[in-house]
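Trainee: Got a predicted structure here, sequence first:
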Amino acid sequence: MLRAIIAQMPEESVIYFGDQGHIPYGPRPMEQIRNFSEAITNFLLEQNAKIIVVACNTASAAALKYLREKFPDVPFVGMEPAVKPAAEHTQTGKVGVLATPATFQGALYASVVERFASGVELLQNTCSGLVQQIEQGNLEGEETHRILEDALLPMLEKNIDTVVLGCTHYPFVIPLIQEIVGQHVRVIDPAPAVAKQVGHVLEARGLKRESKARGDVKLYTSGDSEELKSLLPILLGEGGEVEKVEWLDDSSIDRSQRL
């Protein structure tokens, strides 16, 4: 998601909070994810963020509605699995969806399926362990390959012609997914469309930056800052500095180092 936003709106300054200390979100309780999301939102707003992008399908499923109610004056853009375009373009009527358990269990996913996937068979898989492999920079190793084959080969046997990526980590392994499913299967990455929506919201609210100069990118992580920094060229295509932040509990982040 960060790559897509920078690519489409290089003039905008971006504050990225990667909650590597708590991933994967997928198996966690919804209430805990809402607590994380509210604390991260407060962290970003304290740094004058003008829009919040919930760049995680699991967090969007668990917390997006709650955040909009909690912060009514703040524009939010969330993620949802791209079931609509998949349902519109499938020729076989069979679509594979890769996402976390929390995404599949959330009301947001159920709503998308109900509205847009009538008459389409959705074959779902949670790809257990894939997020951790991607976080380690293991984008094409043996274990990553095994996880994806276990998910995708049964879907191919049922004649899917489209794969929806319902987790913002998964686009990093699109080349491997495409290798497994073949060029006749369409792989949908929702990030460019979501980045476009961010631009629309900024423009509608008169918040777009007019400068042609490239904006700053500030990176924070609750995990290992040096580890994330070393992965940036792989995951983002460029390097950068990463600042470490600490959680005090599920609902609060230590801000003392920035006071």
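Mentor: Looks like it came in fine.
Trainee: Spell out, range by range, the strands that occur in this structure.
Mentor: Secondary structure of the chain (DSSP state E): strands at 14-18, 52-53, 76-77, 94-99, 121-125, 162-166, 186-188, 217-221, 242-244, 247-249, 252-253.
Trainee: most tightly surrounded among those strands?
Mentor: strand 162-166 (a mean of 26; mean count of other Cβ atoms under 10 Å). Every C-beta, even on glycine, is put in place using the N, C-alpha and C of the backbone.
Trainee: what pLDDT, on average, does that strand get?
Mentor: Strand 162-166 shows a mean pLDDT of 96.
Trainee: Could you check the angle that strand makes with strand 94-99?
Mentor: Angle, strand 162-166 to strand 94-99, by axes from the mean of the first three to the mean of the last three Cα atoms, to 10 degrees: 20 degrees.
Trainee: Pairing partners for strand 162-166, with directions?
Mentor: With DSSP bridges as the test, strand 162-166 is paired with strand 94-99 (parallel), strand 186-188 (parallel).
Trainee: closest one to Val14 among those strands?
Mentor: When these are compared by Cβ to Cβ, strand 186-188 sits nearest Val14, at 23.7 Å.
Trainee: picking that back up, could you dump the strands of the chain into CSV and include distance to Ala7?
Mentor: Listed next are these as CSV, based on distance: least, Cβ to Cβ, whole Å:
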stretch, distance to Ala7
strand 14-18, 11
strand 52-53, 14
strand 76-77, 16
strand 94-99, 23
strand 121-125, 28
strand 162-166, 17
strand 186-188, 17
strand 217-221, 12
strand 242-244, 20
strand 247-249, 30
strand 252-253, 28
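Trainee: and of those, who's closest to Ala87?
Mentor: Per Cβ to Cβ, nearest to Ala87 of the strands of the chain: strand 94-99, 6.7 Å.
Trainee: what sits against the residue positioned nearest the centre of the chain?
Mentor: The centroid of the chain falls nearest to Thr168 when counting by Cα atoms, centre = their mean (2.8 Å). Going by Cβ atoms under 8 Å, 6 or more residues apart in numbering, Thr168 touches 1, 55-57, 79, 191.
Trainee: Among the residues you listed, which one sits closest to Leu176?
Mentor: Ala191 (17.0 Å).
Trainee: contacting residues for the nearest residue to that closest one once chain neighbours are set aside?
Mentor: Leaving aside its chain neighbours, Ala191 sits nearest to Ala4 (4.0 Å; criterion: Cβ to Cβ, 6 or more residues apart in numbering). With contacts defined as Cβ under 8 Å, 6+ apart, Ala4 is in contact with 191-192, 194-195.
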